[in-house]
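Chemist: requesting a structural model of the entry that follows:
(chains A, B and C)
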Amino acid sequence: MDAPEKNPDFIRNQVSFKRQDFCLSRNTGYLLFVFGTLRLPCPPKPHQTFNEVGKNLALTRREANFHERQVGNQRDYTGPMTYQTVAVTQQSGAATLTLISKMGAMNRTFWQEFPEALREISAARVVVLRGEKIFSAGLDVGSNAAQIAPALGDPAAFRAVVDQMHAVTEGLARLPMPVIAAVHGWCIGAGLELISAADIRLCSADARFSLPEVKLGITADLGGLQRLPHLIGRGRTAQLALTGDAIDAATAERWGLVTEVLDTPEALFARTEALAQQLAALPPKALEGTKRILTSGLPHAESLAEAVTWNAHHMSLEALQNALKK
Amino acid sequence: MDAPEKNPDFIRNQVSFKRQDFCLSRNTGYLLFVFGTLRLPCPPKPHQTFNEVGKNLALTRREANFHERQVGNQRDYTGPMTYQTVAVTQQSGAATLTLISKMGAMNRTFWQEFPEALREISAARVVVLRGEKIFSAGLDVGSNAAQIAPALGDPAAFRAVVDQMHAVTEGLARLPMPVIAAVHGWCIGAGLELISAADIRLCSADARFSLPEVKLGITADLGGLQRLPHLIGRGRTAQLALTGDAIDAATAERWGLVTEVLDTPEALFARTEALAQQLAALPPKALEGTKRILTSGLPHAESLAEAVTWNAHHMSLEALQNALKK
Amino acid sequence: MDAPEKNPDFIRNQVSFKRQDFCLSRNTGYLLFVFGTLRLPCPPKPHQTFNEVGKNLALTRREANFHERQVGNQRDYTGPMTYQTVAVTQQSGAATLTLISKMGAMNRTFWQEFPEALREISAARVVVLRGEKIFSAGLDVGSNAAQIAPALGDPAAFRAVVDQMHAVTEGLARLPMPVIAAVHGWCIGAGLELISAADIRLCSADARFSLPEVKLGITADLGGLQRLPHLIGRGRTAQLALTGDAIDAATAERWGLVTEVLDTPEALFARTEALAQQLAALPPKALEGTKRILTSGLPHAESLAEAVTWNAHHMSLEALQNALKK
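Modeler: Numbers count the residues shown, from 1 in each chain, chains lettered A, B, ... in the order given. The predicted model follows:
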């Protein structure tokens, strides 16, 4: 390992640190450090509120338990199959994560299992994310309500709940290798936020996309409102996020949410596999550097410097010579 | 009201403060505070220049006065009608602002009245912005020249003039509820800058959009050059802003400036009303949070934290339970 | 010249300085100044590595020399013709830069000559960038490998090499007048990065665009990964940059990479010339201010302040009066 000051990750962390982690007090001029959750207010939560919430959600919990009992049965995957909500297969450097909960819905088990699945595939050269019957119905409200409800009004508790979900969405975004999302059928809410953290999105003609969180009184907080404007622009994101209305596959392509629409789910998965093999055969450090630059959100000059430093460290004579031979 | 440190607005202001209001002196390393206009040079303006300007604009002023006398006559609105340049109607939580000056042009009266109209509708759950015969011919140069001309070359005086215009454009952008702009006919210059501060833009097939400021020797300074790149990208904004050429409704939709094109103005206004009622029925805090995240321009991690904090404070058990019942 | 504190450039530099050039040490809380290359690690490069590289590239160098001997012959331009890789013609305020190396490829000579050409046209009111047989095949790897290879693994040396290339791409972006890129045929790699630094991009129907750097083990580092997301969005940029696959003219227009597609190269060059003459007739300071705002990347409030200050200094009574007469 290089000394810290020679390590581009170290330099990069410093740079992003300066932009996100401190602020100036308007009144005193002192430098204050803002450490994410530490600055958020954490009022104690009265027990009666918690109990009341519990009573209200009793029915919901039974429903959620029923949902979870349905999950993970009758699967027939050839690869190692250790999760109830995500199937992991790996072949020729390409790892495939298939959402296998009912309707691809994100229940509590999903938030726990998916980060483990991400660790399992850390050596893959490309990742494919897909659904089973549909891509994803989004957050399984019934399954998650028992956690969410008692945290309402309590920012620290609420953040702790959402942090588990961010381990999925931000975890996917932080993977060093390219991630291809292949969407068929519905892709709703947290499902749309999840694919916005992928690098390349393809879909079949039957795909539908929506962000209906506002209908539940929720401001989408799993990265969709941050990432979708970079993909489709701020106006189209507002249309999706303020109305909750769905768009179809053709609109998604026209808006830039996906870059290709295939006729059928079968054609989609075949094309996705071919693309995954294409990327798996490319120099991984060049892909990783490209992805880092595209997602780091640094200002122009810093981003350009990061790209140059990355190449200085990771370009190889072999790859250049191969290019010269062609 | 919460204590300041529990108030997300307080936290948010601190965060945005750090990014916009101070800089480091390159030479001394001291922290300097930049307070907008205070840092701008304010040379004293010789009287002869002012007089010379006045003479040159005498004809213009007469023309401008004539324009203003034409404004506001023969209106027949059922709601309260107290302005010459904007009609305000409110129904079922939706407020409609109709530009009623001649050709929707922005004369001096408009800049004074529109901020008042914004205060008047502060309790609405959704706002519709539309024109009468056309959407807007943009800045009424004749009406505004008497104010602008003497301020040329005098940044403090010039900023004072533009600040009145920013009270309109930035004031619209800062409304907490969704704003839908419905454009028929021409939408020119300051008119295009104004709708870029809305959240959702619809138009009819007869709509035309242009940003001809450069033809008058003006760099558009009412927010269009800041906001349009988030809606249509930087290249298309450059095409509009550097050439002054117009685009039609189909191009506006293809570029992402509007999200829907209706066949006729009548169909446009009917669709807009339906959309407004749809949004007015949604939980307002979820809409407000969504709009804040989309317009705050914070870096990714800060923006994500803001969304989580917002939900912790504003999500309700009732809305969740309603969702569970469905 | 104004006193520094009255000079908008001075103010602007201060503002951008604060955002790019310092960071807070995570450990000490001290302010550290980051001065681009100075912060990058500069390990001494053992001579044997250099020699080994030289041997490997001997064949390549001969090839590269052969390429360079082919460049610049049999040209027939009427304007002053002093470069081997770029032809400069100027007419009625419009300067045209034509890439004349073989296939528009960027060999070592190109990186040296192009910045000189940019200085030569500094008085033009608009710049056209175009190719000859095609727009550009991108980096001439053979010609540049002798410089690049010994710098691999040595960030300071590598940055010195890339800095020469940035003098072209960033130099083009920093021109104060509008730059129109007219693309026919292939526009590959560094060619695509170069046109992303233009303001307006047009192409003919035969145009093809790709960013195949990853295939050579390279993370594109000439500004394309920074600028393309502002033009076509982050997802479409990822598709281009991670796959290396090409897109055609229709796709480029649909994605926002170009704003117009002409049927033939002849139609493209005629349209480009007309557009250049249109821009050359517009008030240059209004164009310059517009371009500055669109490319400066400042936060919203700062960018708005910059536009207002620009107009205060550069709007003219004459231009306003001309507008009033119409």
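Chemist: so where's chain A shaky on pLDDT?
Modeler: Low-confidence segments of chain A, defined by pLDDT under 70: A:1-81, A:323-324, A:326.
Chemist: longest helix anywhere in it?
Modeler: Longest helix in chain A, counting residues (DSSP state H): helix A:155-174.
Chemist: using PDB, write out every CA atom in that helix.
Modeler: Provided in PDB are the C-alpha atoms of helix A:155-174 (Å, rounded to 0.1, in the frame of the first residue of the first chain):
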ATOM      1  CA  PRO A 155     -34.600  12.300  14.000                       C
ATOM      2  CA  ALA A 156     -31.800  10.200  15.500                       C
ATOM      3  CA  ALA A 157     -34.000   7.100  15.700                       C
ATOM      4  CA  PHE A 158     -35.400   7.800  12.200                       C
ATOM      5  CA  ARG A 159     -31.900   8.200  10.800                       C
ATOM      6  CA  ALA A 160     -30.900   4.900  12.300                       C
ATOM      7  CA  VAL A 161     -33.700   3.200  10.400                       C
ATOM      8  CA  VAL A 162     -32.900   4.900   7.100                       C
ATOM      9  CA  ASP A 163     -29.200   4.200   7.500                       C
ATOM     10  CA  GLN A 164     -30.000   0.500   7.100                       C
ATOM     11  CA  MET A 165     -31.700   1.300   3.800                       C
ATOM     12  CA  HIS A 166     -28.900   3.600   2.700                       C
ATOM     13  CA  ALA A 167     -26.500   0.700   3.300                       C
ATOM     14  CA  VAL A 168     -28.400  -0.800   0.300                       C
ATOM     15  CA  THR A 169     -28.700   2.200  -2.000                       C
ATOM     16  CA  GLU A 170     -25.400   4.000  -1.200                       C
ATOM     17  CA  GLY A 171     -23.700   0.600  -0.900                       C
ATOM     18  CA  LEU A 172     -24.700  -0.200  -4.400                       C
ATOM     19  CA  ALA A 173     -23.600   3.200  -5.700                       C
ATOM     20  CA  ARG A 174     -20.200   2.800  -4.000                       C
END
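Chemist: that one near chain C at all?
Modeler: No - counting by CB under 8 Å from any CB of the partner chain, no contacts exist between helix A:155-174 and chain C, the nearest distance being 11.4 Å. Any C-beta I mention is one placed from the backbone N, CA and C, and that applies to glycine too.
Chemist: what does that helix contact?
Modeler: Contacts with helix A:155-174, where a contact means CB atoms under 8 Å, 6 or more residues apart in numbering or on different chains, come from A:37, A:40-42, A:45, A:106, A:110-112, A:114-115, A:118, A:129, A:147-148, A:150-152, A:179, A:190, A:193-194, A:197-198, A:221-223, A:227, A:295, B:304, B:308-309, B:311-313.
Chemist: what does stretch A:215-222 give?
Modeler: With contact meaning CB under 8 Å, 6+ apart, stretch A:215-222 is reached by A:141, A:162, A:165-166, A:168-169, A:189-190, A:193-194, A:211, A:213, A:225, A:241, A:244, B:282-283, B:285-286, B:289-290, B:293, B:304, B:307-308, B:310-311, B:314-316, B:318-320, B:322-323.
Chemist: what separates the residue nearest the centre of chain A from A:Q112, distance-wise?
Modeler: Nearest residue to the geometric centre of chain A (CA atoms, centre = their mean): A:T169, 2.7 Å. If you measure A:T169 against A:Q112 using CB to CB, to the nearest Å, the figure is 14 Å.
Chemist: buried members of the contacts of stretch A:215-222 into PyMOL, please.
Modeler: With 16 or more other CB atoms under 10 Å in any protein chain shown as the burial test, the buried ones among the contacts of stretch A:215-222 are selected in PyMOL as follows:
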select buried, (chain A and resi 141+162+165+166+168+169+189+190+193+194+211+213+225+241+244) or (chain B and resi 282+283+285+286+289+290+293+304+307+308+310+311+314+315+316+319+320+323)
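Chemist: among the contacts of stretch A:215-222, which are in helices?
Modeler: Per DSSP H, helices hold the following members of those: A:141, A:162, A:165-166, A:168-169, A:190, A:193-194, A:225, A:241, B:285-286, B:289-290, B:293, B:304, B:307-308, B:310-311, B:314, B:318-320, B:322-323.
Chemist: show me where chain A has helices.
Modeler: Ranges of helices within chain A are A:8-20, A:47-56, A:58-70, A:108-120, A:141-151, A:155-174, A:190-196, A:224-232, A:234-243, A:249-255, A:265-280, A:284-296, A:300-314, A:317-325, based on DSSP H.
Chemist: so how far is the last one off the chain centroid?
Modeler: Put plainly, it is helix A:317-325. 35 Å (CA atoms, centre = their mean, to the nearest Å).
Chemist: okay, it in PDB with CA atoms only?
Modeler: What follows is helix A:317-325 as a C-alpha-only set of coordinates in PDB (Å, rounded to 0.1, in the frame of the first residue of the first chain):
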ATOM      1  CA  LEU A 317       2.000  -0.100 -20.300                       C
ATOM      2  CA  GLU A 318       0.400  -3.400 -21.300                       C
ATOM      3  CA  ALA A 319      -2.900  -1.900 -22.100                       C
ATOM      4  CA  LEU A 320      -1.300   0.900 -24.100                       C
ATOM      5  CA  GLN A 321       0.900  -1.600 -26.000                       C
ATOM      6  CA  ASN A 322      -2.200  -3.700 -26.800                       C
ATOM      7  CA  ALA A 323      -3.800  -0.700 -28.200                       C
ATOM      8  CA  LEU A 324      -0.700   0.100 -30.300                       C
ATOM      9  CA  LYS A 325      -0.700  -3.400 -31.800                       C
END
